[in-house]
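Trainee: here is the input, now give the coordinates:
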Amino acid sequence: MGTPDFAVPTLELLIENGYEITAVYTQPDKEAGRGRHVAASPVKQVAVSRGIRVMQPDSLRGEGVVEELASLAPELVVVAAYGQILPRAVLSLPRFGCVNIHPSLLPKYRGSSPIASAIMHGDDATGVTVMLLDAGMDTGPLLKQAKVPISAEDTTGSLTTKLAQIGARLLLETLPQWLEGRITPQPQDESRASYTKQIAKEDGEMDWQLSAVELWRRVRAFDPWPGCYTRWKDKLLKIIQAVPVDGEKKGEIGEVIALPQSSPAPVGVITGDGILGLLRVQLEGKKEMSAVEFLLGQRDFVGSSLA
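Mentor: Next up is the predicted model:
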């Protein structure tokens with residue numbers, strides 16, 4: 001059971017290592033792209049290419065859905081970013097339970113946005129957890145974990161790719177031990193639990209009252225979605241890449257200032273604490289470009305104020 005790119009390495013490794021996949025459950029096809037064409041999930045595309053039966057119920061609580069799953073007689077259900085909560089009736093079906101791959105070191109960052117949350121909080125490392133699902137939100141007992149460092153260049157996009165690969169390999173390492181009874185599930189320490197929230201498009205708006213470091217983390221955490229943005233001349237200006245820089249903070253919060261040639265960025269924005277250097281931007285209706293290229297065509301950008 002999985003839907004986005006994060007789940008693809010897991011499905012592929014299970015197939016390549018001889019596990020019998022009786023069916024793949026994924027979210028229903030959705031409209032995507034500028035043309036709003038109906039698109040299959042990345043997991044469905046892999047399953048179809050491998051000739052695996054694909055199931056796409058709107059809900060696992062729907063009429064007949066549990067009965068249909070039971071008819072497949074699954075011994076184990078593997079879950080990776082499926083996008084639906086599994087009801088008790090599903091959790092109790094397979095002999096070896098429902099094993100989930102979660103991209104954090106549980107009990108830290110339970111919920112829907114663990115990767116972005118780790119970046120936003122400035123963590124040096126995150127990880128992957130292979131766990132048994134129960135009726136709670138990422139509250140089930142742990143089977144195995146792997147720690148993964150977070151670099152200063154990592155975005156949610158790049159870190160998701162890393163964790164997807166590591167998580168798939170960790171599952172492959174875990175499954176034989178679990179199926180042979182050589183792993184004892186470990187309860188989570190509730191005193192250390194933390195939860196993440198669903199990220200909304202509005203979260204990407206730059207609040208220049210925040211510090212440069214906080215905004216830099218947000219630019220990375222919200223890449224690729226929802227992206228960070230501000231407004232200039234009544235147009236949307238996306239901040240694609242940025243970096244906190246040293247410099248004397250002269251001016252008003254939100255003001256664009258030129259930075260010395262020794263700086264990694266040509267311009268910076270004064271924030272509530274420090275200066276955020278802009279490296280790559282995209283003005284509404286234009287293509288993405290470096291801040292240097294942007295300045296060549298928008299010379300009045302320096303000295304302006306960003307909403």
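
Trainee: what's around the nearest residue to residue 304 once chain neighbours are set aside, how many residues?
Mentor: Sequence neighbours aside, residue 256 is the residue nearest to residue 304 in space, at 5.3 Å (criterion: C-beta to C-beta, 6 or more residues apart in numbering). Every residue, glycine included, has its C-beta placed from N, CA and C. For residue 256, the count of nearby residues is 19 (other C-beta atoms under 10 Å).

Trainee: list the contacts for residue 256?
Mentor: Residue 256 is in contact with 267-269, 301-306, counting by C-beta atoms under 8 Å, 6 or more residues apart in numbering.

Trainee: that one: what secondary structure?
Mentor: Of the three states, residue 256 takes strand under DSSP: H, G, I helix; E, B strand; the rest coil.

Trainee: ok, what's across the strand from it?
Mentor: Residue 256 has these beta-bridge partners by DSSP bridges: residue 269.

Trainee: local confidence estimate at it?
Mentor: Note for residue 256: predicted pLDDT of 97.

Trainee: one more: the one 10 residues further on?
Mentor: What the model reports for residue 266 is a pLDDT of 96.

Trainee: the one 10 residues further on now?
Mentor: The score at residue 276 is 98. That number is its pLDDT.

Trainee: mind listing residues that contact whatever helix or strand it lives in?
Mentor: Using DSSP states H and E, residue 276 falls within strand 275-283. Under the contact criterion C-beta under 8 Å, 6+ apart, strand 275-283 has outside partners 212, 215-216, 232, 235-247, 249, 257, 259, 263-269, 288-291, 294, 298.

Trainee: and residue 271, how far from residue 108?
Mentor: For residue 271, the distance to residue 108 (C-beta to C-beta, to the nearest Å) stands at 28 Å.

Trainee: average pLDDT for the strand ranked longest in the chain?
Mentor: Longest strand of the chain, by residue count under DSSP state E: strand 235-245. Strand 235-245 carries an average pLDDT of 97.

Trainee: so which elements touch it?
Mentor: Under the contact criterion of 3 or more C-beta pairs under 8 Å, 6 or more residues apart in numbering; DSSP states H and E, strand 235-245 touches helix 212-221, strand 228-232, strand 275-283.

Trainee: many thanks, we can stop here.
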